[in-house]
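**Student:** fold the following.
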Amino acid sequence: MTDAGSDPYYDPYDWGIDADPYPVFKRLRDDAPLYYNEKYDFYAVSRFDDVEKASVNWRTFISGKGSVLELIRSGIEMPPGSILFEDPPAHDVHRGLLARIFTPRRMAAIEPNVREFCARSLDPLVGSGGFDFVKDLGALMPMRTIGMLLGIPESDQQALRDKIEEGFKTEDGVVPDRSGDGDTYGLSFGQELGEYIDWREQHPSDDLMSALLQAEFEDETGTERHLTRDEVLNYVGLLNAAGNETTTNLISWTGKVLAEHPDQLAEIAQDPSLIPNAIEELLRYEAPSPIQARYCTADSEWHGKVVPEGSVLCLLTASANRDERHFPDGDLFDIHRKIDHHVTFGYGIHFCLGANLARLEGRVALEEVLRRWKSWEVDWDHAEQNHTTTVRGWSRLPVFTN
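**Tutor:** Prediction:
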């Protein structure tokens, strides 16, 4: 951690900082709005306006070399179809194709399924005296939802989710080795997802995998074509990873933060119309993905200092969301806060296509929990935080129900 009298220090691989990064983030915003970490050779911006500025300037701050610090440093080539790790024009083509089938209307239509998945998870636990926000809900409902959307058999979803979770894990103070074949962060799932794609090619259905296989589009060279098998594989792998991990973290933070604010939890339980704004405040207050990285293609100036071409610039999303310059009393959780917008889902060309789905899942999960229990307390003796360098949440969050 950073001592008050010393220079601020931020280390994305330090579990002590990751446990509660917000005091460090405030020091960065106040004393080092452009921060340089000599040990890992990266720069970071932490204020809301600066994160937004970098997010929209995709020509200078590119994603094509990766959007995670260690991925950029690994030098691996990003496979086609991984839109998080692409730049225009290929990014625009691939994102546009996904947007055609990942529509808000399609997402809204699955709400009954999401609610049924929650009920299936929670009903057996009524009267048991408690449940785990992650193991019993947050890890299950998003897995079933994205699996249903993609067309992955429910019997195989848990194994795929376990592989995703393992790929995100880090050791305290250790930089993960991402110099292999890219089989992490959903970049590739090789044989597992390939078998589903081969099956769907012969047996199309009403799911996103079939839609991707059947889609015709004009690529960045002007050629009319279908996606290649590898492109479909990367699309499906990325959606599977993103659809599982970030929503799981949102649900885990819902359990923790509301337990720590029992008066506001009581308000929500009394008036469920407050739930949508409460979910928005949770997304702002505890961003499931707190840091993104960009490779710099040109020199840029920040607060009178230069970030050289060839550097890595980290965008501290979670810090920006608490910046008091944009959100008064940003470190306070307030379900009545008026939020014009936050940067949890990114900003600019990489704004998360799954934002509507994440909001829906977060809202329905909280509604279904409150149908069964009006309050809860965290069992801290058995809670366990999950430490990664790109997403942040809990691997276990058991609660006692009242």
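**Student:** strands along the stretch 251-400 of the chain, start to end?
**Tutor:** 292-296, 300-302, 305-307, 312-315, 376-378, 384-387, 392-396, 398-401 (DSSP state E, counting those that start in this stretch).
**Student:** which one of those lies closest to S121?
**Tutor:** Nearest to S121, of all those, is strand 398-401, at 14.1 Å by Cβ to Cβ. Every C-beta, even on glycine, is put in place using the N, C-alpha and C of the backbone.
**Student:** tell me the strands beside the closest one, with direction?
**Tutor:** Here strand 398-401 has these sheet partners by DSSP bridges: strand 130-132 (antiparallel), strand 376-378 (antiparallel).
**Student:** what's the mean pLDDT across the last one?
**Tutor:** Throughout strand 376-378, pLDDT has a mean value of 98.
**Student:** tell me, what residue is most central in this protein?
**Tutor:** The residue lying closest to the centre of the chain (Cα atoms, centre = their mean) is T246, at 3.7 Å.
**Student:** using the three-state scheme, assign that residue.
**Tutor:** helix (DSSP: H, G, I helix; E, B strand; the rest coil).
**Student:** so which residues of the stretch 51-200 of the chain form strands?
**Tutor:** For the stretch 51-200 of the chain, applying DSSP E, counting those that start in this stretch gives strands covering 61-62, 130-132.
**Student:** the first one - contacts with which helices or strands?
**Tutor:** Here strand 61-62 is seen to pack against strand 292-296 when contacts are counted using 3 or more Cβ pairs under 8 Å, 6 or more residues apart in numbering; DSSP states H and E.
**Student:** partners of the strand it packs on in the sheet?
**Tutor:** Here strand 292-296 has these sheet partners by DSSP bridges: strand 61-62 (antiparallel), strand 312-315 (antiparallel).
**Student:** what average pLDDT does the first one get?
**Tutor:** For strand 61-62, the per-residue pLDDT values average out at 98.
**Student:** cool, the longest one as well?
**Tutor:** Within the predicted structure, the mean pLDDT of strand 312-315 is 98.
**Student:** hmm, who's touching it?
**Tutor:** Residues outside strand 312-315 that contact it (Cβ atoms under 8 Å, 6 or more residues apart in numbering) are 12, 41-45, 51, 54-55, 61, 69, 72-73, 291-296, 300, 307.
**Student:** show me which parts of it are buried, residue by residue.
**Tutor:** Residues of strand 312-315 classed as buried by neighbour count (16 or more other Cβ atoms under 10 Å): 312-315.
**Student:** return that strand as PDB; C-alpha atoms alone will do.
**Tutor:** Below are the C-alpha coordinates for strand 312-315, written out as PDB (Å, rounded to 0.1, in the frame of the first residue of the first chain):
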ATOM      1  CA  VAL A 312       1.500   1.200 -22.600                       C
ATOM      2  CA  LEU A 313      -1.200   3.400 -21.200                       C
ATOM      3  CA  CYS A 314      -3.500   1.900 -18.600                       C
ATOM      4  CA  LEU A 315      -7.000   3.300 -18.200                       C
END
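**Student:** what distance separates that strand from the centre of its chain?
**Tutor:** 17 Å (Cα atoms, centre = their mean, to the nearest Å).
**Student:** do the same with the first one
**Tutor:** Averaging C-alpha coordinates over strand 61-62 and over its chain gives two centres that are 19 Å apart (Cα atoms, centre = their mean).
**Student:** kindly report the same for stretch 15-25.
**Tutor:** On the basis of Cα atoms, centre = their mean, stretch 15-25 sits 18 Å off its chain's mean C-alpha point.
**Student:** quick check: end-to-end length of that stretch?
**Tutor:** Terminal residues of stretch 15-25 lie 15 Å apart, using Cα to Cα, to the nearest Å.
**Student:** report the buried residues of that stretch.
**Tutor:** Result for stretch 15-25 [16+ other Cβ under 10 Å]: buried residues 17-18, 21-22, 24-25.
**Student:** likewise for stretch 271-283?
**Tutor:** Neighbour-count burial for stretch 271-283, counted by 16+ other Cβ under 10 Å, picks out 274-275, 277-283.
**Student:** do the same with stretch 353-373
**Tutor:** So stretch 353-373, judged by 16+ other Cβ under 10 Å, has buried residues 353-354, 356-370, 373.
**Student:** can you map out the helices along the stretch 51-200 of the chain?
**Tutor:** With helices called from DSSP state H, counting those that start in this stretch, the stretch 51-200 of the chain shows them at 69-74, 90-101, 104-109, 111-122, 141-150, 154-168, 190-202.
**Student:** which strands or helices does the last one pack on?
**Tutor:** Read it as helix 190-202. Other helices and strands packing on helix 190-202, by 3+ Cβ pairs under 8 Å, 6+ apart, are helix 154-168, helix 208-214, helix 229-260.
**Student:** those helices: which one's closest to P33?
**Tutor:** Nearest to P33, of all these, is helix 229-260, at 26.0 Å by Cβ to Cβ.
**Student:** any idea how far that closest one is from the chain center?
**Tutor:** Relative to its chain's centre, helix 229-260 lies at 6 Å (Cα atoms, centre = their mean).
**Student:** what angle sits between it and helix 190-202?
**Tutor:** 110 degrees (axes from the mean of the first three to the mean of the last three Cα atoms, to 10 degrees).
**Student:** before we move on, the earlier item: can you add distance to V399 and give the buried residues of strand 312-315 back as a markdown table?
**Tutor:** Formatted as a markdown table, the buried residues of strand 312-315 follow (distance: Cβ to Cβ, whole Å):
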| residue | distance to V399 |
| --- | --- |
| V312 | 39 |
| L313 | 38 |
| C314 | 33 |
| L315 | 33 |
